[in-house]
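In: quick one: sequence and predicted model below, then my questions.
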Amino acid sequence: MALTKNDIVMKVHELGFTKKKSVETVESLLEIIKKTLESGEDVLISGFGKFCVKNKKERRGRNPATGSDLILRQRKVVTFKCSGKLREKINGPNPTRR
């Protein structure tokens with residue numbers, strides 16, 4: 001099951017904020033992240049991870065339905081790399097790591 005925006009709002013609400021303030025806070029945070037990524041800048045959240053904007057070059061592709069070749073245009077994509085702390089929380093401590 002995925003964590004939805006509404007679930008996040010409810011978790012913030014459980015911290016003692018009003019429902020309206022919880023919605024405003026979550027919406028504001030997401031808007032800041034979106035505008036930063038739109039401008040081409042990375043978003044680093046310590047202890048969580050880094051959202052990066054990467055440029056993809058134009059390349060040849062293929063339509064899987066028809067098999068015909070086509071050119072995929074140049075575009076930007078957002079990638080996410082989790083922090084070491086988050087990775088350790090997900091996987092547990094790695095005793096073989098030096």
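Out: Yep, it's here.

In: longest helix anywhere in the chain?
Out: helix 19-38 (DSSP state H).

In: got the domain boundaries for this structure?
Out: 1-39, 41-92 (automatic domain parsing).

In: and the last one, end to end?
Out: Translated: domain 41-92. 31 Å (C-alpha to C-alpha, to the nearest Å).

In: now that domain: mean pLDDT?
Out: Computed over domain 41-92, the mean pLDDT rounds to 94.

In: okay, helices next: where are they in the chain?
Out: Counting by DSSP H, the helices of the chain are 5-14, 19-38, 84-91.

In: for those helices, give me CSV that also has distance to Ser46.
Out: The C-beta positions use only the backbone N, C-alpha and C, and glycine is treated the same way. Output for the helices of the chain, formatted as CSV (distance: least, C-beta to C-beta, whole Å):
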stretch, distance to Ser46
helix 5-14, 19
helix 19-38, 14
helix 84-91, 9
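
In: mean pLDDT for these: which is lowest?
Out: helix 84-91 (a mean of 92).

In: and it, what's buried?
Out: Buried positions in helix 84-91, judged by neighbour count with 16 or more other C-beta atoms under 10 Å: none.

In: what do you get for stretch 49-61?
Out: When burial is assessed from 16+ other C-beta under 10 Å, stretch 49-61 yields the following buried residues: 49, 51, 53.

In: sort out for me which of those are in strands.
Out: Judged by DSSP state E, strands contain the following of the buried residues of stretch 49-61: 49, 51, 53.

In: redo those residues as a markdown table? Include distance to Ile8.
Out: Formatted as a markdown table, those follow (distance: C-beta to C-beta, whole Å):
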| residue | distance to Ile8 |
| --- | --- |
| Gly49 | 16 |
| Phe51 | 16 |
| Val53 | 23 |
